[in-house]
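*Asks:* Starting from these lines, generate the structure:
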Amino acid sequence: MSANTDFTLFLSSHRPNGWKVVIVMDELELDYRSFDLDYRKGEHLIPEHLKYNSNGRMPTLVDHRNGDFAVWESNAIITYLVEKYDIKGKVLAKTFEGKMHQLQWLFFQASGQGPYYGQAEHFLLYHPEHVPSAVERYQKEVLRVLGVLDGVLSQREWLVADRCTIADLSFVPCVAF
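*Replies:* You can find the predicted model right below:
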C-alpha cells in the first residue's frame, strides 16, 4: 500500500468504533485516508487489511509517519494518537493521574458500553429468534452504563479533569448510533 497521506484507517462506517478514531484524528487535524470495509460482505478479510491486523476486526490504523506502525482496537488507536501526536494537549489528559483516569474510562467504554450496546442491538435487530431474557439483560446494561455516565456528568462537565479528552469522545459514537 503506498502512502499518499500520513495515515491509513480501515473502518466500517456502519459501526461506531471507527468513528471514535475519525473524531480524534479530525480534532488533531491529522491527514488520513480511510477505507470503508463492509463486514457483511467479508471485506474486512481482504489481504490489504489482514496485513496490518491479523484479527481482522476494525478499526485499524496504519501510521506511515512511523514506519507503517499499525494499531488496532479503537481505544488503543486513540490512545496512540494522542500520546504520539497531541502535542498541544487538545484531547489528552495532562497529568499522570489524569491519564490513569482517562485509561479507566476507556476501559469502561470498551468493556461496558461497547459490548452491551452491541449485544442489545444484536438481540433486538439481528438474532434469528426472539430471546426476551437476552433483550432485557442488555437493555438493562445499556441503562446501567448510561446511569454511571449520568451520575458522573451530573456533577461535572467532563469525565476527566476540567476539559474534554478522549475519554469523553470514546463514548460519543455508540450513543449517536
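*Asks:* Which secondary structure elements does the top helix by length along the chain sit against?
*Replies:* Longest helix in the chain, counting residues (DSSP state H): helix 132-153. In terms of contacts (3 or more CB pairs under 8 Å, 6 or more residues apart in numbering; DSSP states H and E), helix 132-153 is packed against helix 114-121. Using the backbone N, CA and C atoms, a C-beta is placed for each residue, glycine as well.
*Asks:* can you give me the mean pLDDT across the helix it packs on?
*Replies:* For helix 114-121, mean pLDDT rounds to 94.
*Asks:* swap in stretch 155-175?
*Replies:* On average, the pLDDT along stretch 155-175 is 94.
*Asks:* just how off-centre is that stretch within its chain?
*Replies:* 13 Å (CA atoms, centre = their mean, to the nearest Å).
*Asks:* Going by neighbour count, which residues in that stretch are buried?
*Replies:* Neighbour-count burial for stretch 155-175, counted by 16 or more other CB atoms under 10 Å, picks out 159-161, 165-171, 173-174.
*Asks:* Report the distance from the longest helix of the chain to the chain centre.
*Replies:* The mean C-alpha position of helix 132-153 is separated from the chain mean by 19 Å, CA atoms, centre = their mean.
*Asks:* how big is the angle separating the next helix or strand after that helix from helix 132-153?
*Replies:* Going down the chain from helix 132-153, the next helix or strand is helix 166-176, by DSSP states H and E. In terms of direction (axes from the mean of the first three to the mean of the last three CA atoms, to 10 degrees), helix 166-176 departs from helix 132-153 by 140 degrees.
*Asks:* returning to that earlier point: quick one, the longest helix of the chain and helix 114-121 angle?
*Replies:* 140 degrees.
*Asks:* Can you name the helix or strand that residue 33 falls in?
*Replies:* strand 32-36.
*Asks:* ok, residue 61 - contacts?
*Replies:* By CB atoms under 8 Å, 6 or more residues apart in numbering, the contact set of residue 61 is 7-10, 21, 70-72, 77, 80-81.
*Asks:* Is it bridged to anything, and to what?
*Replies:* Beta-bridge pairing for residue 61 (DSSP bridges): residue 9, residue 71.
*Asks:* that older thread, now the following helix or strand past the strand holding residue 33: mean pLDDT?
*Replies:* Scanning forward in sequence from strand 32-36 by DSSP H and E, the next helix or strand is helix 47-50. Across helix 47-50, pLDDT averages out at 96.
*Asks:* Ok, stretch 25-37 next?
*Replies:* pLDDT averaged over stretch 25-37 gives 97.
*Asks:* residues of it that come out buried?
*Replies:* Buried-residue list, stretch 25-37, by 16+ other CB under 10 Å: 25, 27-28, 30, 32, 34-35, 37.
*Asks:* tell me the domain ranges of this structure?
*Replies:* Domain assignment of the chain by automatic domain parsing yields the ranges 7-85, 96-170.
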